[in-house]
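1. My questions concern the predicted model and sequence given below.
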Amino acid sequence: MQAPVNSRMRHSWISKSVGAATRAKAEAAPTIGGNRRSHGWMIGRIRHLGSPTEATAFCGIRLNGVFAADRGGATYCRSVHASPESRPMFLRTAAVLALGVLAFAGAVPPTAAAPTACPQHFVAGQAPDLTRQSLAAKTRPLCYDGYALLHSGISRTPLWTAEHLTTERLAAARGLKRKNRFHADPNLPADERAELDDYKGSGFDRGHMAPSGDMPTAAAQEQSFSLANMIPQSPKMNQLIWEWIESGIRDLAERQGELYVVTGPVFQGQSLQRINGRVLVPSHAFKAVYDPQRRQAAAYLVENVTTKAHRVLSIAELEQLTGVAVFPGLSEAVRAIAMPLPEPKPRRRS
């Protein structure tokens, strides 16, 4: 299992990465109102420090924690004051958020709920972890009715999306008519998000990571058409093998009763293109599946080209390839062996 971010390491990282004046100001800043414990976390309120960099430094140096938000002239941060084992598992997502804040201290806190607010999308409430720090710049977690995601303002795509598929959910989804209302995500800054114009004339599909066909309500389906949930996807790959994989996973979820699914792009190579000079085109896409009944997991990997080919990877192999620990709570034994996955094939039309 991927170890959580160590608070001592975080303290050291921040101390080295901010200037002496900022560090001194953070160390000297007085607290106001006091601190309180909440589920093993310390919530600190301090006088406003003037910039996100200073606020991040304060939270890291004074509280060994995570910059949360500026509200009402004060800065709020959270600090781990309990062992990782004693923390609620869904709070591990803060480690992902911390990496994003530390890598890009100027980021504005997201206006949407973070994945810590929707643990129902994750295995045992644990969101995926980033194990490759180069991915962490400008990352923002978003939480929606049918899925959660971690968005990258560098690629202007998700790094992962997470869903919990159940028989009941998919039964509700089958009764919905698809409405293709693609839209830029209003919960992301304009300079970090994809726009509809980015995809126009690009030759790529707006490829869902969390499929609209998985969404059980009209509201959830609408949210799935956010461009924060899309990657530039080869049309033939998206409309053939990728759709076959999505359908096969839905069928498997109905047979097994439930599945957890994490989906995302892979960026390999030194010559990746950007559509409209903005949205990074991934080299591959993956879809990881965990079956809690069998306690087994595996992932599909498909190259983002015209293809009907795919590979099946173990979760450990996928983590090594992507830098994303998609199911961080699984044992090494489960992560090491790929369970059998349905062979992608065209779905019969009724």
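-> Sure thing, it's come through.
2. Kindly list the longest helix within this structure.
-> helix 243-256 (DSSP state H).
3. Need the contact partners of that helix.
-> 165-167, 170, 211, 213-214, 259, 261, 287, 289, 291, 293-294, 300, 302, 310, 341-347 (Cβ atoms under 8 Å, 6 or more residues apart in numbering). Bear in mind the C-beta positions are built from the backbone N, C-alpha and C, glycine included.
4. Check stretch 211-228 too.
-> Outside stretch 211-228, the residues touching it (Cβ under 8 Å, 6+ apart) are 142, 144-147, 149, 151, 158, 163, 165, 168-170, 172-173, 176, 178-185, 187-188, 193-196, 198-199, 206, 208, 210, 229, 246-247, 250, 261.
5. can you pull up the bridge partners for the closest residue to Glu303 other than its chain neighbours?
-> Among residues not flanking Glu303 along the chain, His284 sits closest, at 5.3 Å (Cβ to Cβ, 6 or more residues apart in numbering). Counting by DSSP bridges, His284 forms beta bridges with Val266, Glu303.
6. can you tell me which residues contact His284?
-> Neighbour list for His284: Pro265, Val266, Gln268, Leu301, Val302, Glu303, Asn304 [criterion: Cβ under 8 Å, 6+ apart].
7. what's the burial count for the second one?
-> Right, the one you point to is Val266. 20 (other Cβ atoms under 10 Å).
8. Quick check: it vs Pro216, distance?
-> According to Cβ to Cβ, to the nearest Å, Val266 stands 28 Å off from Pro216.
9. mean confidence for the longest helix of the chain?
-> Across helix 243-256, pLDDT averages out at 98.
10. Drop anything exposed from the contacts of His284.
-> Using 16 or more other Cβ atoms under 10 Å as the burial test, the contacts of His284 include Pro265, Val266, Leu301, Val302, Glu303, Asn304 as buried.
11. isn't the second one right up against Leu280?
-> Translated: Val266. No: counting by Cβ atoms under 8 Å, Val266 does not reach Leu280; the two are 11.2 Å apart.
12. Need the residues touching each of those two.
-> When contacts are counted by Cβ under 8 Å, 6+ apart, the set common to Val266 and Leu280 is empty.
13. The closest residue to Val302 other than its chain neighbours - how many residues pack around it?
-> Leaving aside its sequence neighbours, Val302 sits nearest to His310 (Cβ to Cβ, 6+ apart; 4.8 Å). Neighbourhood size, His310 [other Cβ under 10 Å]: 21.
14. Next: Pro342.
-> Applying other Cβ under 10 Å, we find 16 residues neighbouring Pro342.
15. What values do phi and psi take at it?
-> Main-chain dihedrals, Pro342, degrees, to the nearest 10: phi -60, psi 140.
16. mind checking how far Gln256 is from Tyr199?
-> Distance check for Gln256 against Tyr199: by Cβ to Cβ, it reads 35 Å.
17. between the two, which one's more packed in?
-> Taking neighbours as other Cβ under 10 Å, Gln256 and Tyr199 compare with Tyr199 leading, 20 against 16.
18. What are the boundaries of the strands in the stretch 101-250 of the chain?
-> Secondary structure of the stretch 101-250 of the chain (DSSP state E, counting those that start in this stretch): strands at 129-130, 139-143, 148-152, 157-166, 205-208, 230-233.
19. May I see the ones you listed arranged in JSON lines, with mean neighbour count, mean pLDDT and distance to Gln320 as well?
-> As requested, the strands of the stretch 101-250 of the chain are exported to JSON lines (neighbours: other Cβ atoms under 10 Å; pLDDT from 0 to 100; distance: least, Cβ to Cβ, whole Å):
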{"stretch": "strand 129-130", "mean neighbour count": "24", "mean pLDDT": "96", "distance to Gln320": "14"}
{"stretch": "strand 139-143", "mean neighbour count": "25", "mean pLDDT": "96", "distance to Gln320": "20"}
{"stretch": "strand 148-152", "mean neighbour count": "29", "mean pLDDT": "97", "distance to Gln320": "19"}
{"stretch": "strand 157-166", "mean neighbour count": "25", "mean pLDDT": "98", "distance to Gln320": "15"}
{"stretch": "strand 205-208", "mean neighbour count": "22", "mean pLDDT": "98", "distance to Gln320": "24"}
{"stretch": "strand 230-233", "mean neighbour count": "26", "mean pLDDT": "98", "distance to Gln320": "21"}
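20. Which one, of the ones you listed, ends up nearest to Ala336?
-> For these, the distance to Ala336 is smallest for strand 129-130, at 17.4 Å, taking Cβ to Cβ.
21. now for that closest one, which elements pack on it?
-> Packing partners of strand 129-130 (3 or more Cβ pairs under 8 Å, 6 or more residues apart in numbering; DSSP states H and E): helix 93-103, strand 324-325.
22. in its sheet, what does that strand sit against?
-> Strand 129-130 is paired, per DSSP bridges, with strand 324-325 (antiparallel).
23. Identify the residues contacting Val312.
-> Ala298, Ala299, Tyr300, Leu301, Ala338, Leu341.
24. Which secondary structure state is assigned to the closest residue to the third one other than its chain neighbours?
-> When you say that, I think you mean Tyr300. If you skip the residues right next to it in sequence, Tyr300 has Lys287 as its closest partner in space, 4.7 Å away by Cβ to Cβ, 6+ apart. At Lys287 the chain is in strand, as set by DSSP: H, G, I helix; E, B strand; the rest coil.
25. Pretty sure Lys287 sits against His310.
-> No: the criterion here is Cβ under 8 Å, and Lys287 misses it with His310 at 9.5 Å.
26. what's the overlap in contacts for those two?
-> Ile245, Tyr300.
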